[in-house]
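> Next come a sequence and a model predicted from it.
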Number of protein chains: 2
Amino acid sequence: MLAEYHAKRYELIQEDRALRRELKGSALRTDVELKADEVIRRIRAEEAESIWKEEYTSIPHPFPGMEFLTGKSIIMKTKLFKILNKMPKGALLHAHLDATVNAHFLLELALQQPALHVRVQATVTASNFLTNLPEFRALPQEQFSDAAALTDEAYPPGSWISLAKARATFNHSLGGPEGFDKWVTGSMTINPAEAYGTHNTVTKIWQKFTSCFIVSTGLIRFEPIFANYIKEFLLTSIEDGISYIEARINFLHKYMIGADGQENIPHREWLIMFDRVQKEVKDQLKKQGKENDFIGARIIYSTIRFITPEELEWYLEDCIALKKEFPHLIAGFDLVGDENVLKPLIHYIKPLLSFQERQKEEGVDIPFIFHAGETLGDGTEADMNLYDAILLGTKRIGHGYSLIKHPRLLDTCREKGIAIEVCPISNEILRLTSSMPMHPLPVLLNNGVPVALCSDDPAVFGNMGLTFDFFQVLVASEVTGLSTLGALARDSIEFSTLDAADKKHALEAWGNQWAKFLEYVVKVGDGL
Amino acid sequence: MLAEYHAKRYELIQEDRALRRELKGSALRTDVELKADEVIRRIRAEEAESIWKEEYTSIPHPFPGMEFLTGKSIIMKTKLFKILNKMPKGALLHAHLDATVNAHFLLELALQQPALHVRVQATVTASNFLTNLPEFRALPQEQFSDAAALTDEAYPPGSWISLAKARATFNHSLGGPEGFDKWVTGSMTINPAEAYGTHNTVTKIWQKFTSCFIVSTGLIRFEPIFANYIKEFLLTSIEDGISYIEARINFLHKYMIGADGQENIPHREWLIMFDRVQKEVKDQLKKQGKENDFIGARIIYSTIRFITPEELEWYLEDCIALKKEFPHLIAGFDLVGDENVLKPLIHYIKPLLSFQERQKEEGVDIPFIFHAGETLGDGTEADMNLYDAILLGTKRIGHGYSLIKHPRLLDTCREKGIAIEVCPISNEILRLTSSMPMHPLPVLLNNGVPVALCSDDPAVFGNMGLTFDFFQVLVASEVTGLSTLGALARDSIEFSTLDAADKKHALEAWGNQWAKFLEYVVKVGDGL
């Protein structure tokens, strides 16, 4: 009776998990992979008992998969993190360019530019340090300005000061130049007190989140910085094991500011810079014999969900024109911003349907890759975006956090191969979930829906690269193992917009890296 | 093109929601119901903008479906709450008897019993007020004791003091007698600072939760209180519109303490009291012409998941013996306690399988009604309990919080009619979800899995009756409307263990109440 029960039980568990994608394709279940998987599970179990049960003075109740901003220092102590750091991650399919480079690095880039100025609407004081946001802008040389310190009572509100001067004169009581750095980087990042205290709801944290972009855009959309910024993004991504990128670039503003301080650099110049930088990076890698570490980067043309449908028509035409000039660079089109408060896709249905007609006329193919369902709402406009994204033929879905509520749509995504760009740490910091064990990712995996893990806005969240996101996923589930992570990485390439030949090449390159990584993990296991 | 798109969109939404149970059975979609549903949706939308967007001094960011313990005072201000209060709720299928009566009422009952004594292991002081837990026990008359005050430095640790004396002598600096009441009721309830601050993880809050039961059991498992306690539970439930109850009673201790202070009242006497009380309540209702308001109450025999498999055999035999003597009272069998730390079902598989054989021999039918999947774990023992519960033929599933991760099991529950006892407020306070919008209930509803809403441990959580749980569900979803709540209430009867005749009667009685309720809602709508 017992044996029969156990047999039935085994069978039921297998059936329940039969759709999981790490079980597809025999290549994935080599002996080495099974062995490496065991090593990872053993270390995870050990560290759950050791590292995660230690006492930490400033962390009252640590646990695997806990709030990222609070637990980050513990994560970085683990063997698991060090191992995952070396894992080949495949593609990064969901990242907003303006939040991809460490805020300190961006500030360093900025401080090298004499044209960059800063202003505030009131003197910076101890009491408004966290809420008084800097506004940045490059000025033409004749407007360079060195008025009073930002922290001076006599500072004339709204007057521009050169960045270097503002830093040098930042009041000592606020930390002096280092205080300035803290103030600037704090305005472009979310800290734990904000995410888990003062801004602990989806609505509140989005306000802080949005302000980070408003601040950083002033630095990034400046020609001498833009290219360097992209280069740093590519190099640090490659360093983390990412071999291909589809970055969402926000084209809301029609021009960026040029080296001369004038707002005169059109979108096509942005793409030329993007292209030049990735060629430089590729050349650099080739010299080091690492050309297979990086397949390339493309752009998902994005604008924001607060424009009018008429304005959207302009952006769609702009996107088509760019696609025609740079067919290898434009990967798709998206509308971004807080779905809970901005316009739903159905609001733009007319131009979006016309866009598909216009593409046929122009002989181009620009898939929609929509954000949809990044919400806790059930039947709200943000949740309903999922229906429209799918009906409009979206190639993938950005976030799709509420997708698990929709049985019919889950089936569609599995059957049609619509991958979900899941951003675990982003979802947690933006308060859709309180910790990783609460995240709905296992529902997607068990339903056989293809998933690519993504970092979304690593500069704001501090989850640079993809290691942190893979880590959080791995420690929050006993079903998930190394094979699951491998399948997620492989699927990130599989569901990219790469053409057949490039995809084949990318998959082969990843497969070789993966095989090497498995050997490394087994060796680590032998050393334990 | 647009019209065609909208038609496809409508169709897709319908398909996606086709399994929802409020859409089954045409009787539910009368004109009155549609009208009442509109009224409810209108009020919900109005109050989301008014009441939930007001500023409250001690509530930093209110929102519909927010943390219950913080938002309770706002909930009680709403029109929606007042309306739902009058709704016929159907059956309460998941409540632990020992946590069903307001702690203040229980204390009042206790203070009338001279035999009841209290002790602590150290003098109660301001600094240990929240953690120094009282232990209660009725003593035989010859052991009655009136030693020093609990708050006296000279109090001999562990010495019993009569309840009345302990209250009267509670030090004024700790609030005197009212301070005593606060201390005692605080030890049997969870407050917001605990749930959302000091104990803000599943592991930590379960420690506080368990201690509430240890404290209250000392008062409830005393013959002169037990019957009065049950009576209060039934009367307040009926007052809230609950017409039938299946209560989980914990039979871990083989005897309760009798009026004489001796531990000598066996389980069969507990059932005799339970039976007598419900007859009294029914007689009382009959006199008021309200006999249809209450169909009755039954017992789910429960013991705790820390016993050995050998000990379980004793309880299973005990359960069979009680079922034979009181066939109308025993509704099922369950094992309770924190699934994350106690033994999984598979640990007890041998006695549980034998139990089914033994029932055949004895000619009784005692369905399993297992707690399973009350966890954030994925593939952990607590999550795996779902496989065993279902393979063992569980009639319903208590909580089933992690069920949404299991596509095959969701199908089984829908197809075999295994209802899920969903306890929204319990799940939130026990930190499985941070707020109601994060709760996975919509996944169950959209998958057509039958659900009954339950209060679990209302005395500990403060969600007395079912109105609060229905409220939280209603405000957290735009799909859910009055028809959904009606389907949930009806299903609570449909998936009870009532026999065919009683079920028919209960459903008819509920149907009549529901029709009256709809008329009332429409009238409220006309008055707006």
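Thanks, I have the structure now.
> Output the contacting helices and strands for the helix or strand where A:Lys360 lies.
Following DSSP states H and E, one finds A:Lys360 within helix A:349-362. Judged by 3 or more Cβ pairs under 8 Å, 6 or more residues apart in numbering or on different chains; DSSP states H and E, helix A:349-362 is in contact with helix A:309-325, helix B:2-16. C-betas here are computed from N, CA, C, even on glycine.
> buried sites along it?
With burial defined by 16 or more other Cβ atoms under 10 Å in any protein chain shown, the residues of helix A:349-362 counted as buried are A:349, A:351-353, A:355, A:358-359.
> same question, stretch A:507-526
Quick answer for stretch A:507-526 (16+ other Cβ under 10 Å): A:507, A:509-511, A:513-514, A:517-518, A:521-522, A:524-525.
> And those, which is the shakiest by pLDDT?
In terms of pLDDT, the weakest of the buried residues of stretch A:507-526 is A:Gly525, which scores 91.
> you'd agree that one is up against A:Val39?
Yes. With contacts counted by Cβ atoms under 8 Å, A:Gly525 reaches A:Val39, the gap being 3.3 Å.
> How many neighbouring residues does the nearest residue to A:Gly481 once chain neighbours are set aside have?
Leaving aside its sequence neighbours, A:Gly481 sits nearest to A:Asp37 (Cβ to Cβ, 6 or more residues apart in numbering or on different chains; 4.6 Å). When neighbours are defined as other Cβ atoms under 10 Å in any protein chain shown, A:Asp37 has 21 of them.
> Grab the nearest non-local neighbour of the closest residue to chain B within the stretch 1-150 of chain A.
At 3.9 Å from chain B, A:Asp16 is the closest residue in the stretch 1-150 of chain A, using Cβ to the nearest Cβ. Leaving aside its sequence neighbours, A:Asp16 sits nearest to B:Arg408 (Cβ to Cβ, 6+ apart; 3.9 Å).
> Please apply the same query to A:Leu352.
In this structure, A:Leu352 finds its nearest non-sequential neighbour in A:Leu392, 5.9 Å apart by Cβ to Cβ, 6+ apart.
> what sits against that neighbour?
A:345, A:352-353, A:356, A:368, A:370 (Cβ atoms under 8 Å, 6 or more residues apart in numbering or on different chains).
> Quick check: of those residues, which lies closest to chain B?
A:Leu353 (5.7 Å).
> who's in contact with that closest one?
With Cβ under 8 Å, 6+ apart, A:Leu353 has these contacts: A:392, B:1-2, B:5.
> what pairs with A:Phe222 across the strands?
On the basis of DSSP bridges, A:Phe222 is bridged to A:Ile257.
> is it true that it touches A:Gln112?
No. Applying Cβ under 8 Å as the test, A:Phe222 and A:Gln112 come out as separate, 11.4 Å apart.
> Mind checking which of the two has more residues around it?
A:Phe222 (24 against 12).
> Local confidence estimate at that one?
98.
> distance of it from chain B?
Distance of A:Phe222 to chain B, computed by Cβ to the nearest Cβ, to the nearest Å: 36 Å.
> same deal with A:His253?
31 Å.
> Not counting residues beside it along the chain, what's closest to that residue?
Nearest to A:His253 is A:Arg221, by Cβ to Cβ, 6+ apart, at 6.5 Å.
> Is the one you found in contact with A:Lys254, as I believe?
No. The criterion here is Cβ under 8 Å, and A:Arg221 misses it with A:Lys254 at 11.0 Å.
> Which residue of these two possesses the greater neighbour count?
Comparing A:Arg221 with A:Lys254 by other Cβ under 10 Å, the one with more neighbours is A:Arg221, at 23 against 12.
> quick one: contacts for the more buried one?
Counting by Cβ under 8 Å, 6+ apart, A:Arg221 has contacts A:253, A:256-257.
> buried subset of these?
A:256-257.
> Output the set of residues of the stretch 1-150 of chain A in proximity to chain B.
Applying Cβ under 8 Å from any Cβ of the partner chain, we find that the stretch 1-150 of chain A lies next to chain B at A:1-2, A:5, A:8-9, A:12-13, A:15-16, A:18-19, A:60-61, A:63.
> how about those residues, which pair is most distant?
Maximum pairwise distance in the residues of the stretch 1-150 of chain A next to chain B, criterion Cβ to Cβ, is 47.3 Å, between A:Met1 and A:Pro60.
> Quick check: which ranges of the stretch 151-300 of chain A have low pLDDT?
Of all residues in the stretch 151-300 of chain A, none has pLDDT under 70.
> What are the phi and psi values at the residue in it that chain B sits nearest to?
As assessed by Cβ to the nearest Cβ, chain B sits closest to A:Thr201 within the stretch 151-300 of chain A, at 4.9 Å. The phi/psi pair for A:Thr201 (degrees, to the nearest 10) reads phi -140, psi 160.
> in terms of contact, does A:Val341 touch A:Gln207 like I think?
No. If you go by Cβ under 8 Å, A:Val341 and A:Gln207 don't touch, sitting 9.7 Å apart.
> circling back to that earlier point, deepest-packed of the helices and strands packed on helix A:349-362, please.
helix A:309-325 (a mean of 17; mean count of other Cβ atoms under 10 Å in any protein chain shown).
> list the buried ones in the helix or strand just after that one?
Downstream of helix A:309-325, the next assigned helix or strand under DSSP H and E is strand A:330-336. Buried residues in strand A:330-336, defined by neighbour count with 16+ other Cβ under 10 Å: A:330-336.
> now the strands for chain A?
Listed in chain order, the strands of chain A (DSSP state E) span residues A:90-96, A:116-119, A:135-138, A:161-162, A:242-250, A:255-257, A:263-266, A:296-304, A:330-336, A:370-372, A:396-399, A:419-422, A:451-453.
> Present these as TSV; the columns should include distance to B:Glu49.
Shown next, in TSV, are those (distance: least, Cβ to Cβ, whole Å):
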stretch	distance to B:Glu49
strand A:90-96	31
strand A:116-119	36
strand A:135-138	32
strand A:161-162	42
strand A:242-250	31
strand A:255-257	39
strand A:263-266	39
strand A:296-304	25
strand A:330-336	26
strand A:370-372	25
strand A:396-399	26
strand A:419-422	32
strand A:451-453	36
